Each structure stands twice: as C-alpha cells, then as structure tokens.
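Participant: fold the stuff below for me.
(chains A and B)
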Amino acid sequence: MIVLAFAVLAAICVLGAVRLRGAKWPWRDPRPVVVLWQALGLTWGLATTGALFAYGVEPFGLGVFRGLVALTAETVVSGPPPLGVDHYVALLLGTGLLGLLVGVLAVATVHVFRARRRHRAMLSLVGRGTPEVPGVLVLDHPAAAAYCVPGLRPQVVISEGTLRLLKDAELAAVLSHEEAHVRERHDLVLLPFAALRKALPFSEVVREAQSSVALLVEMCADDHARKRHGPRLLATALLRFGAAGHTPAPHGALGTVGSAQGEMLARVDRLLTPGPALPLRLRLGLFTVSTLLLLAPPLLWFLPA
Amino acid sequence: MDVLWAHAGPLTARDVSKAMADRDLAPTTVMTVLDRLTRKGFLLRERDGRAWRYRPAESRDAYVAELMLGALDMTGDRDAALARFAQSVTGSEAETLRRVLAELEEK
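Facilitator: Okay, here's the model as predicted:
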C-alpha cells in the first residue's frame, strides 16, 4: 500500500513538473509557483527513495521508518534477514539514490561556497567603491555586468561598463533587483535545482525545471524593483543590458544564448504589459497543493504500515 | 596589493610599509597581510637574504577578467554562485532588443 502511495506521489511530482515547465501563466505571479517548484522537487526525492525503501522493508509490515529500524537491528543482532532478492535490490537502489541526491547537494554547496570565497577575495583586491553608488563595488571593465555575491554579507557588484551604459534612475532599478535576490536568498532557491541537474544530467525535465525556476526567480526580483522604480526604467535597463552585446557567444552554449533573448523579451514584455493578476482562488490552490505535497512524504515515511 | 602592482619588481615588507607611510600602518600589520595574501595564492615570494620579497601572482587586469568571466556566466552552465541581473545576447538577437528599446524610448 505504502509503496503504491509513494509511487503515485512521485508520479504526481513528475507530471506536475512536466506540466509546469515552460508554462507562461506563472509569470503573472511568480512567487507561489517558485514555492510549488520547491515542493515538487523535494517531494519527488523523498517519494522516490521512499517507494524503494518501502518495497524493501515490506515483509516486516511495520511501515518505512520502523521497518528500516527493524531491518538494521536484526542485521546487527543475527545477520541479514532472509528477504527476497527483489527486496534487497530495492533497498540498494533506494540507498544509492538517496546517497546520490544528498551527495550532489553537498558537493554543489561546497563548490558554490568555494567559488564565492575566491570571488570575494579577488573583489577585495580589485574592486573599488564609488561615491555615485555607496556600498556597491565597481570593476574596471568595459563590458556590462551587474550581479551580487549572495551570503551572510552580500555584496553587489557592477562594472564600469554598466555605469556608462545606464542612466542613474535605471541603475537604481537594477540595484533594487539585485537587492531582492539578496534579501530573498534566491541563490538557495536555485541551489537544489542546480544540484539535481548534476545528479540527472540527461533529464530534459530537470533541465527545463531549472531554467523555469531561474526565470521565475528573476521575475520575482523584477517585481520587487518594479514596485519601487516603475516598470519602464527596469525594462529599458534590461534592454540596454541585453543589447550591449560585448560578449562573444560561449562555446557549446548556443541553446542558452537563444533562450537568453527569449527570457529577456519575456521579462520586458511582462513589465510593460502585465497580465491580470492570478485569481485568489488559484493562488490559494497553489498554496494548498504545495503544503500537501510537503506534508505527504513525512507522513508516509512514518506511517506504521 | 596596489603598491605591488604599481611596482615592477618584487618588494620586501619594509618597502611596502615605506610606500604606504601615509596610511600609518605598523610594519607587523603589513607583514601579516602580505603573508595572508601569499597563503591565498595572490602573491608569490622568494627569499632574499633574511627577508622575503613579494610580487603579485597575476596582474590586476587578470583578476578583473576572471571576475567578469564569472559575472557574465561564460562558463556555460548556470552556476548558483552569483545572482546576475541579465545576460547579454549576441548578433541579430541584440538587434531585436535594440529595436524594442528604440520603440520604447520614442513613446
């Protein structure tokens, strides 16, 4: 029973992700959909591993968690219990998948923190402050770049090229966009999806899920900046940035370059001609589904058979 | 670091202190900083009698270039280390954006 419930739950997550990737309606209100994506990803991982473990310890009739405890206890006390080969295969696969998911997340986290530490160290050497925008570091480079190094002490950085490219009011809108990334810890939202991509590099769904979430997060930050500086300034800043085009196409990344323009136009378009806000009913529905998805796996893991 | 970049040859801690006399730093502070930068790989040092002579491992421009590479996400995969405002596009696509921008500014 529990095996079936887990399998259905995992299937719901995959179907949800398939339907949600590339959907345009979330652009009208990105935040609840970002939450839904998080729930889909986490629940998928817990449900898939849960299904494998549940099948493995089914003969104990104790549920997943207590079944695993009983299995471990029995193995320690009197050697491996005589379960069928299929149960052992399921246990092995479950352990492998759980290990893989936790492993890639850990590796991705360490990698990101190392990269940030090196980046910060170099910034402290070559970045300079500027009286025009206090608190922001400037890099002496002609190409346009604006970004932040997230963390406990976040740092917003712009290039000399950006200072020359944007009008003051546009720059303020861009900085407000970055501030939203920093404050809402969007980097942590994206980290698990980047890790999942590493774990399942051939999965189209995961790839599209990652770019969907990345775009939605940008739109969240756009909304933050729009509320303070108006849609027009942010839109012109985006277009100037995109059209600055100092950057040659990176090798082997043509696909992403093509979608970069699409994403840019999508962001500009929704700033200038925003669609109607999502109806309250739908937003409540999204919230309910996310909550149920997040509650289901722990419930099933600890259900006593 | 700027002192070392401005100077062609390797310098001792004492040279750096002298060059930064206006900042009123204790010589031990300068030595500590130089030592830390060396351990992080930003400086190289060699023995010269009883003192170390320090020189930058890379030019200032090389570091700026490396930072910009990360900033523009030229590595190809979207890594989660930085949060970027937008990516610029290339060639004919940039043309499309320029047209939209021009239309917008006329309004």
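
Participant: residue numbers of the stretch 1-150 of chain A in contact with chain B?
Facilitator: Within the stretch 1-150 of chain A, the positions adjacent to chain B are A:108, A:111-112, A:115-116, A:119, A:121-123, A:125-126, A:139-141, A:143-150 by Cβ under 8 Å from any Cβ of the partner chain. C-beta coordinates here come from the backbone N, C-alpha and C atoms, glycine included.

Participant: return the residues in contact with residue B:84.
Facilitator: Contact partners of residue B:84, counting by Cβ atoms under 8 Å, 6 or more residues apart in numbering or on different chains, are A:145, A:146, A:147, B:71, B:72, B:73.

Participant: make sure the first one is actually in contact with residue A:158.
Facilitator: Pointing back at residue A:145 there. Yes. Between residue A:145 and residue A:158 a contact is recorded at 6.8 Å, counting by Cβ atoms under 8 Å.

Participant: between these two, which contacts overlap?
Facilitator: Common contacts of residue A:145 and residue A:158 (Cβ under 8 Å, 6+ apart): residue A:139.

Participant: I'd say residue B:17 and residue B:25 touch.
Facilitator: Yes. Residue B:17 is within contact range of residue B:25, at 6.7 Å (criterion: Cβ under 8 Å).

Participant: which one of the two has more residues nearby?
Facilitator: Higher neighbour count among residue B:17 and residue B:25: residue B:17, with 20 against 13, using other Cβ atoms under 10 Å in any protein chain shown.

Participant: and the pLDDT at that one?
Facilitator: What the model reports as pLDDT for residue B:17 is 78.

Participant: show me the residues of the stretch 1-150 of chain A next to chain B that map onto helices.
Facilitator: Mapping the residues of the stretch 1-150 of chain A next to chain B onto helices (DSSP state H) picks out A:108, A:111, A:112, A:115, A:116, A:119, A:121, A:122, A:123, A:125, A:126.

Participant: which of those count as buried?
Facilitator: The neighbour-count test (16 or more other Cβ atoms under 10 Å in any protein chain shown) applied to those identifies A:108, A:111, A:112, A:115, A:116, A:119, A:122, A:123, A:125, A:126 as buried.

Participant: show me where the stretch 151-300 of chain A dips below the pLDDT cut-off.
Facilitator: Applying pLDDT under 70 to the stretch 151-300 of chain A flags the ranges A:245-260.

Participant: what segments of it are helices?
Facilitator: A:160-165, A:168-183, A:186-199, A:204-229, A:231-244, A:254-272, A:280-302 (DSSP state H, counting those that start in this stretch).

Participant: the last one: which residues count as buried?
Facilitator: Just to be clear, that refers to helix A:280-302. Here helix A:280-302 shows A:286, A:289, A:290, A:293, A:294, A:296, A:297, A:300, A:301 as buried, counting by 16+ other Cβ under 10 Å.

Participant: can you check the shortest one too?
Facilitator: Across helix A:160-165, burial judged by 16+ other Cβ under 10 Å covers A:160, A:161, A:162, A:163, A:165.

Participant: helices and strands around it, which ones?
Facilitator: Contact partners of helix A:160-165 among helices and strands, from 3 or more Cβ pairs under 8 Å, 6 or more residues apart in numbering or on different chains; DSSP states H and E: strand A:137-139, helix A:168-183, helix A:231-244.

Participant: the longest one too?
Facilitator: Helix A:204-229 sits against helix A:2-20, helix A:30-56, helix A:168-183, helix A:186-199, helix A:231-244, helix A:254-272, with contacts defined as 3+ Cβ pairs under 8 Å, 6+ apart.

Participant: top helix in chain B by residue count?
Facilitator: Max-length helix for chain B by DSSP H is helix B:91-106.

Participant: what residue lies at the spatial centre of chain A?
Facilitator: residue A:190 (2.6 Å; Cα atoms, centre = their mean).

Participant: turn the helices and strands packed on helix A:204-229 into JSON lines, including distance to residue B:67.
Facilitator: Putting the helices and strands packed on helix A:204-229 into JSON lines (distance: least, Cβ to Cβ, whole Å) gives the following:
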{"stretch": "helix A:2-20", "distance to residue B:67": "35"}
{"stretch": "helix A:30-56", "distance to residue B:67": "28"}
{"stretch": "helix A:168-183", "distance to residue B:67": "16"}
{"stretch": "helix A:186-199", "distance to residue B:67": "17"}
{"stretch": "helix A:231-244", "distance to residue B:67": "17"}
{"stretch": "helix A:254-272", "distance to residue B:67": "20"}
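
Participant: returning to that earlier point: what's the angle from the longest helix of chain B to helix A:231-244?
Facilitator: Counting by axes from the mean of the first three to the mean of the last three Cα atoms, to 10 degrees, helix B:91-106 points 150 degrees away from the direction of helix A:231-244.

Participant: so is helix B:91-106 next to chain A?
Facilitator: Yes. Contact of helix B:91-106 with chain A (Cβ under 8 Å from any Cβ) involves B:91, B:93, B:94, B:95, B:96, B:97, B:98, B:100, B:101, B:104, B:105.
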